[in-house]
Structures are given as structure tokens and as C-alpha cells.
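K.L.:
what follows is a protein structure lacking sequence information:
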């Protein structure tokens, strides 16, 4: 199966070759994800969890690779599951994810080739429906209808955080991808995020320093230093604010104002920060 050649998509270039991931290419695939997503969220253990240890999943069948002129140019992955309908009937569905394009091959239709190849793979395996979950950090929503996807309303979802420390680090890794103006370099931030866990309320506090447009964690008892910005937020509000960083200033401002009005966010700032923010 690893050498299977998918039927050429009519919009793909003749020099494009579609195949599946081969055994022995696990680390190369992990490195491609990190290079293309800059970085992919997760370490090699996470890769193994999703690609090797995932139930009923064979990466030599479900991971599509796109080559251009013999070079590894991009790819994508299909996860298959049975969905239970209201009448207790089951149908096969698949989820498309981890679609990527090597930086040197962007703008050549590689993503489209990978996406259409995943849809073809889903059809061959008997899937009745295909799903993709849009990430605000990656593929814009506007592109999906090109591949046959239609928008759906998400049901209201409630989650509980059972490992606050691990989830906090995930949130920070997302926040670090946001860009902050160079004028804020040297700013000290104290961040406290509160969680409602099965064992009660938890708070985690970290201190950061803004350098070269990125927040860097500060260790070794720096909590006693003067803070230019102190933020306390409930985890739900913090999630929405982090997401708003990637959607533009308007979304960010609306998210902050909504959290402040609901009492889910508290902010204190120094005169120095205020002057920088106002451009004084």
C-alpha cells in the first residue's frame, strides 16, 4: 500500500506524484510537519500517539505524500472512524488533518493536490462523510468550499481541564506564536490563569519578558520584580483572547472587552506600559 499511486487529480501538475508514507520515514515526516507549520504542535511522543498508537490507524495507508519532481513537497492525513446515527446505524467517516506544504513549494497547488487526494482516499475506503476542523492558525475558512466542504454550526461544548499545568503550557505555546510590536521589548508580564478542575479551583502563575516581539518565560524567583503588566484570567477567557491574536485587532479588542465586562479578566498596568500602548 505504501507504494500506491493515486489517480492524478485533473488540476495537479503532471510532475506531481502522490504516494503514501513509507515505514522508515517517521522522523522525516515529523520534521516536515515542524518545518511547514513552524512548528507543528507536539513532540515525537505526540507524533507517535497520533500516527503509530492511534487505534485502527496505519500511517502507510492513511498519510498522503505529494512529491514534485522527486522532492517531498507536502502531504496530509486521514483518520477514519465509524459514526453512530440516531437510528443506531453506523456510517464510515473520515477527518482530514495535518495538511502541510514545504516552504519551498508554496503557491504551486500542493495543498490542493493533498486535499483532493485525501477525499479520494476517503471515497476508496467507503467513507460517507469527510470532516475538517479549521484552525485559526492555519487554513483560512474561505478555502474549504473549494474542496467540497460546507460550513456547519458547532454545538456548544463544555470541557474540564484535568491537567492544568500541561494545558497551561499548551496555551503559552500558542500565545508565543503571536507577534508583538518591537516597541514593547523589555516589558515584564505576570500572568495568572485560573482553572476549575475536578478537584477544585487551581491557579497557575508565570512571569514573562517581551524580547524580539516574543514572550519568553522568566524563572528563578522573578515574581518579586516590578511588573509592567499583570493579567488574571479564567481559562475560557484566556483561550478566546489567545485565538483573537490571530484574527486581527478588532477581534482582540472585542474579546478583551467582553472578558473584562463579564469579570473573567483583570488587568493592571504600569505608566510605562500605558505610554507605550498609547504611543506617547
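P.N.:
In hand now; what should we look at? The shown structure was predicted, so the numbers you read here are calculated from the model rather than taken from an experiment. Numbering: from 1, shown residues only.
K.L.:
now the strands for the chain?
P.N.:
Ranges of strands in the chain, per DSSP state E, are 16-20, 63-68, 71-84, 90-101, 129-131, 188-197, 200-211, 214-218, 229-234, 265-269.
K.L.:
distance of residue 278 relative to residue 244?
P.N.:
With the distance defined as C-beta to C-beta, to the nearest Å, residue 278 ends up 20 Å from residue 244. For the C-beta atoms, the positions are set from N, CA and C on the backbone; glycine is no exception.
K.L.:
mind putting the strands of the chain in CSV, distance to residue 259 included?
P.N.:
Shown next, in CSV, are those (distance: least, C-beta to C-beta, whole Å):
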stretch, distance to residue 259
strand 16-20, 45
strand 63-68, 39
strand 71-84, 34
strand 90-101, 30
strand 129-131, 30
strand 188-197, 12
strand 200-211, 16
strand 214-218, 19
strand 229-234, 7
strand 265-269, 4
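K.L.:
wait, residue 102 sits on residue 74?
P.N.:
Yes - Residue 102 lies in contact with residue 74 (C-beta atoms under 8 Å); the separation is 6.0 Å.
K.L.:
residues in contact with residue 269?
P.N.:
For residue 269, the contacting residues are 228, 229, 230, 277, by C-beta atoms under 8 Å, 6 or more residues apart in numbering.
K.L.:
may I have the beta-bridge partners of it?
P.N.:
Beta-bridge partners for residue 269, by DSSP bridges, are residue 229.
K.L.:
show me where pLDDT drops low in the stretch 51-200 of the chain?
P.N.:
Where the stretch 51-200 of the chain drops to pLDDT under 70, the residues are 133-159, 174-180.
K.L.:
one more time with 80
P.N.:
For the stretch 51-200 of the chain, the stretches flagged by pLDDT under 80 are 84-88, 131-162, 170-185, 197-200.
K.L.:
using the record's assignment, carve this structure into domains.
P.N.:
16-147, 164-278 (automatic domain parsing).
K.L.:
what comes up buried for stretch 120-127?
P.N.:
Buried residues in stretch 120-127, counted by 16 or more other C-beta atoms under 10 Å: 120, 121, 122, 127.
K.L.:
typed the wrong thing, it's stretch 193-208
P.N.:
Buried-residue list, stretch 193-208, by 16+ other C-beta under 10 Å: 193, 194, 195, 204, 206, 207, 208.
K.L.:
how about stretch 57-74?
P.N.:
57, 59, 61-68, 72-74.
K.L.:
and if you look at stretch 34-44?
P.N.:
Buried residues in stretch 34-44, counting neighbours by 16+ other C-beta under 10 Å, are found at 34, 36, 37, 40, 42.
K.L.:
among those, which two are most distant?
P.N.:
36 and 42 (13.4 Å; C-beta to C-beta).
K.L.:
if we can go back for a sec, return the subset of the buried residues of stretch 34-44 lying in helices.
P.N.:
Within the buried residues of stretch 34-44, residues falling in helices by DSSP state H are 34, 36, 37.
K.L.:
and the first one, how far from residue 44?
P.N.:
As judged by C-beta to C-beta, residue 34 and residue 44 stand 10 Å apart.
K.L.:
in the stretch 101-250 of the chain, which spans are helices?
P.N.:
Along the stretch 101-250 of the chain, the segments classed as helices by DSSP state H, counting those that start in this stretch run 110-124, 164-175, 235-244, 249-261.
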